[in-house]
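Chemist: Pasted the sequence and its predicted model underneath.
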Amino acid sequence: MRILVIEDEAKLADYVKRGLTEAGHTVDVARDGIEGRYLALEGDYQLVVLDIMLPGIDGFGVLSALRQRHSTPVLMLTARDRVEDRVQGLEAGADDYLVKPFAFSELLARVGALLRRGPAANESATARMTVSNLEMDLISRKAWRAGQRLDLTAKEFSLLALLARRKGQILSRTTIAEQVWDMNFDSDTNVVEVAVRRLRSKMDDPFKPKLLHNVRGMGYVLEERA
């Protein structure tokens with residue numbers, strides 16, 4: 001896989017590049033946000049490892065530009081373990097978050113997880129998907145219902161994309177948690193239910209026909225029903 005590392009700390013960038021190269025990947029490095037934004041937009045990468053604190057343009061600016069054109073998985077790095085930073089990054093479209101300092105084994109595990117579920121592994125080569133009057137663009141990560149643009153967060157879009165790719169199939173809460181959040185499902189958490197409820201309020205409740213359905217005791221399914 002081709003991976004872009006955008007990191008201004010030379011020693012850390014070289015350390016990550018060497019480790020990922022030894023793991024069999026092809027790695028390019030950008031040392032500031034301006035170069036990183038250019039390479040991320042113009043290069044053919046399967047993953048971007050992105051630092052937040054960068055000269056020129058910070059990581060949030062790079063991520064925003066990238067998400068306007070590509071759905072490339074992004075792993076954000078930061079020295080600041082603040083909840084606000086993690087929320088901002090994830091809401092802006094980051095797929096995972098790792099706080100410095102970190103063990104390389106953890107970085108490699110997170111990279112592997114993102115590559116397995118990223119566009120190259122999971123998404124159809126077709127950029128657009130349609131279910132009834134729902135349209136999705138998997139590259140720009142935008143969705144429309146009856147021609148109206150939907151204001152979805154990054155996780156809401158990922159959830160909708162999973163359901164759309166498996167339309168007509170009932171997906172359990174466990175499957176959704178593993179695919180969208182890359183987490184082992186905890187029966188005590190309601191993260192899936194909350195995400196489905198928020199997605200339904202934006203994507204389904206204001207429109208007809210209803211597409212997102214609960215299947216009691218089994219999970220959720222996206223399909224048009226008569």
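Modeler: Okay, I see it.
Chemist: Okay, helices next: where are they in this protein?
Modeler: Secondary structure of the chain (DSSP state H): helices located at 10-22, 33-42, 59-67, 83-92, 104-117, 119-122, 154-165, 173-180, 191-203.
Chemist: closest one to Arg128 among those?
Modeler: helix 154-165 (10.5 Å; CB to CB). Where C-beta positions appear, they are placed from N, C-alpha and C, glycine not excepted.
Chemist: need the helix or strand of the chain with the lowest average pLDDT.
Modeler: Counting by mean pLDDT, DSSP states H and E, the weakest-scoring helix or strand in the chain turns out to be helix 119-122, with a mean of 45.
Chemist: weakest of the helices of the chain by average pLDDT?
Modeler: The minimum mean pLDDT among those belongs to helix 119-122 (a mean of 45).
Chemist: For the most centrally placed residue in the chain, give me its contacts.
Modeler: The structure's the chain has its C-alpha centroid closest to Asp95; by CA atoms, centre = their mean the separation is 3.7 Å. Asp95 is in contact with 73-75, 114, 118, 154, counting by CB atoms under 8 Å, 6 or more residues apart in numbering.
Chemist: out of the residues you listed, who has the most neighbours?
Modeler: Using other CB atoms under 10 Å as the neighbour test, the contacts of Asp95 are led by Val74, with 30 neighbours.
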